[in-house]
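[1] Next come a sequence and a model predicted from it.
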Amino acid sequence: MVDVAAFAGTYLGTSAEGGAALRPLREAHGLIRDAGYTAVVRRHRDIPRDEMADLAHLADAWRRHASERGFSVALGRLGDPADGECVMVECRDPQGRTSALLSFVPWGRRGLCLDLMRRDRESGSALIDYLITELLLLARADAEPVRGVERVSLNFAVFRSVFEEDGKAGAGPLLRLWRKVLRLLSRRWHLEARYRSYAAYLPEWRPRHLLYERSAELPRIATATAMAEGFLTAPRLPRLGGAPYPAAPATALGSEPDGTGPDSTPDSTPDDSAPGPR
């Protein structure tokens, strides 16, 4: 058994402790709001079809990569009529132009899980913090359209335990070596930055494990997992005659969710917009 990830869940309540956890986020939220930005929170079913099509087009145009990656739990589409219970959180600039958006899928009966996150190329990642905080504050106030929501997840942080334990006294040489390897990988996939940005929301971490029967199977399992998550791409043989296979269309309607997820040094999505107070 290998500890491969942790699920970041923020549980909302009316306790003083919960309010203290949101205080720095609320302060950053206020700065963005005072600059003239607004947040619009709606269930997908309440968004007119034409407007949803426009949002899906923006989500597609703002993709940083043709191959999305980073979300271990993802719906994989945007704008399907069957997804009316999903929640769209949209940021509009002082001119009323959409500049960032998030989409959350239901997590049980009283939860939401981050599924898609996009922002335009001209806006900073602070807008993502603003939108997440807006959703958390609405849910904490038990306000529509998220009345009854008690928990919000920002998805998974891969190898979170390695990054957390390394900073503690007594970390062994193998752990330090493994973290060095992960830091090299993070230059491309922002693994540590994603964990740090999730941690800013003081979530309750729920570990996820990879089970296997024989150690010899690990390389094959790891490769298959990386391909499923979009971190590796299987080589494709050319067609007979030399013509390559056509690339899959990068459409938000029915496409995979944003593969970058929250991370603090974005320029790739979920590897571009990093939630978390700065």
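    Thanks, I have it.

[2] for the stretch 1-150 of the chain, which spans come out with low pLDDT?
    1-22, 65-74 (pLDDT under 70).

[3] All the strands of the stretch 101-250 of the chain, in order from the start?
    111-119, 151-158, 204-210 (DSSP state E, counting those that start in this stretch).

[4] Deepest in the core, which of these is it.
    Highest mean neighbour count among the strands of the stretch 101-250 of the chain (mean count of other C-beta atoms under 10 Å): strand 111-119, with a mean of 27. (Glycine included, C-beta is placed from N, CA and C.)

[5] packing partners for it?
    Using 3 or more C-beta pairs under 8 Å, 6 or more residues apart in numbering; DSSP states H and E as the contact test, the elements touching strand 111-119 are helix 49-61, strand 98-106, helix 126-140, strand 151-158.

[6] Relative to Glu213, which of these is closest?
    Of all the helices and strands packed on strand 111-119, strand 151-158 sits nearest to Glu213, with 22.5 Å by C-beta to C-beta.

[7] Could I get the helices and strands packed on strand 111-119 in a markdown table, plus columns for distance to Thr38?
    Listed next are the helices and strands packed on strand 111-119 as a markdown table, based on distance: least, C-beta to C-beta, whole Å:
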| stretch | distance to Thr38 |
| --- | --- |
| helix 49-61 | 15 |
| strand 98-106 | 10 |
| helix 126-140 | 9 |
| strand 151-158 | 20 |
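
[8] closest one to Leu210 among these?
    Nearest to Leu210 among those is strand 151-158; the distance by C-beta to C-beta comes to 11.0 Å.

[9] one step back: the strands of the stretch 101-250 of the chain: which one's closest to Ile128?
    Closest to Ile128 of the strands of the stretch 101-250 of the chain, according to C-beta to C-beta: strand 111-119, at 6.2 Å.

[10] Quick one: residues contacting Pro145.
    For Pro145, the contacting residues are 41-43, 46, 87, by C-beta atoms under 8 Å, 6 or more residues apart in numbering.

[11] Who wins on neighbours among these?
    Within the contacts of Pro145, most neighbours by other C-beta atoms under 10 Å means Val87, with 23 neighbours.

[12] Any idea how many residues pack against the closest residue to that one other than its chain neighbours?
    Once flanking residues are discounted, Val87 sits nearest to Phe104: 4.4 Å by C-beta to C-beta, 6 or more residues apart in numbering. Counted with other C-beta under 10 Å, residues neighbouring Phe104 total 27.

[13] if I look at Phe104, how far off is Leu218?
    33 Å (C-beta to C-beta, to the nearest Å).

[14] next one: Arg77
    From Arg77 across to Leu218, the span is 32 Å (C-beta to C-beta).

[15] Compare these two and say which one has the larger neighbour count.
    Arg77 (20 against 12).

[16] Can you classify that one by secondary structure?
    coil (DSSP: H, G, I helix; E, B strand; the rest coil).

[17] now do Pro94
    Pro94 ends up coil, using three-state DSSP.

[18] That one: what's it in contact with?
    Contacts of Pro94 by C-beta under 8 Å, 6+ apart are 35-37.

[19] Return the distance of Ala82 relative to Arg45.
    From Ala82 across to Arg45, the span is 10 Å (C-beta to C-beta).

[20] Make sure the residue nearest to Val87 is actually in contact with Met117.
    No: Phe104 sits out of contact with Met117 when judged by C-beta atoms under 8 Å, with a separation of 9.8 Å.

[21] for the helices and strands packed on strand 111-119, which one sits closest to Ala200?
    Nearest of these (C-beta to C-beta): helix 126-140, 8.4 Å.
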